[in-house]
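J.: Here you go, sequence then predicted model.
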Amino acid sequence: MAATAEPSPSHQRRSVSGLCVFICSEFDRSHLNYGALDPRYVHHNPATDAETMSTLVPRGAETVTVITTEESTFLLFPEQDSDDVFYARPRYAAHHCLGAHSVVHGWLYTDKRNVVRIGLFDASRIKGVDLRTKSCLERHTAVHELLHEVGGESCLHYHWSGHEAHCMRPFHTFKLHFDISGIARLTPDLGDSGAASVVRVLPRLLTAPADLLMKRNA
């Protein structure tokens, strides 16, 4: 069977966004920054990286920032050349589940059923509270607490993150609604100067003997 084409970033952005708007005055630029996905990879070191907060990257994904006010949801795409902010289309509205004055980050991607979705895993601000000085785990936990009751079929949902050692398992063992293209680390510091690129991690290239045994006995 021939491989399906890589999802188009421009198509994904058009699917979730509406009119371009000026940045809302209540959000300063430093709260909006999140890094684009770095095209380069780093190696996983089991001795030092096992408990690093990481997440799975859906195939064709790019980073997206979701911004909420009391009545509206806006989207910012760190990988595009401009700093334009867009209204979110109604099915991607998040102010009802994230609360007003939140800035949350995640993946914009297309799932196996060709549905464009937003999976959120990090945050700079939630309900007006600045989280940029918190650890990756604390920020991710705050997102989980807001979204864990949102159904997995929702177009905007919680995206699991955890220790890098868990992400290094062979991809065929994951039962997910999206194809996996790799692993990325949550940005450790969301300081005032803006986030650096989101680091990709080189995944395991070989299947472990235990996985081969499991597959043979299935």
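T.: It's in.
J.: out of everything not next to it in sequence, what's closest to the residue nearest the centre of the chain?
T.: Nearest to the mean C-alpha position of the chain, counting by Cα atoms, centre = their mean, stands residue 106 at 2.4 Å. Spatial nearest neighbour of residue 106, chain neighbours left out: residue 120 (3.7 Å); criterion: Cβ to Cβ, 6 or more residues apart in numbering. From N, CA and C alone the C-beta is placed, and that goes for glycine too.
J.: Give the pairing partners of the helix or strand that contains the one you found; include direction for each.
T.: Secondary structure here is read from DSSP states H and E; on that basis residue 120 sits in strand 116-126. Looking at strand 116-126 with DSSP bridges, its partner strands are strand 103-110 (antiparallel), strand 129-130 (antiparallel), strand 156-158 (parallel).
J.: Now do that strand: distance to the chain's middle.
T.: Between the centre of strand 116-126 and the centre of its host chain there is 6 Å, according to Cα atoms, centre = their mean, to the nearest Å.
J.: Repeat that for stretch 52-67.
T.: Stretch 52-67 has its C-alpha centroid displaced from the chain centroid by 3 Å (Cα atoms, centre = their mean).
J.: Could you tell me the end-to-end distance of that stretch?
T.: One end of stretch 52-67 to the other measures 26 Å (Cα to Cα, to the nearest Å).
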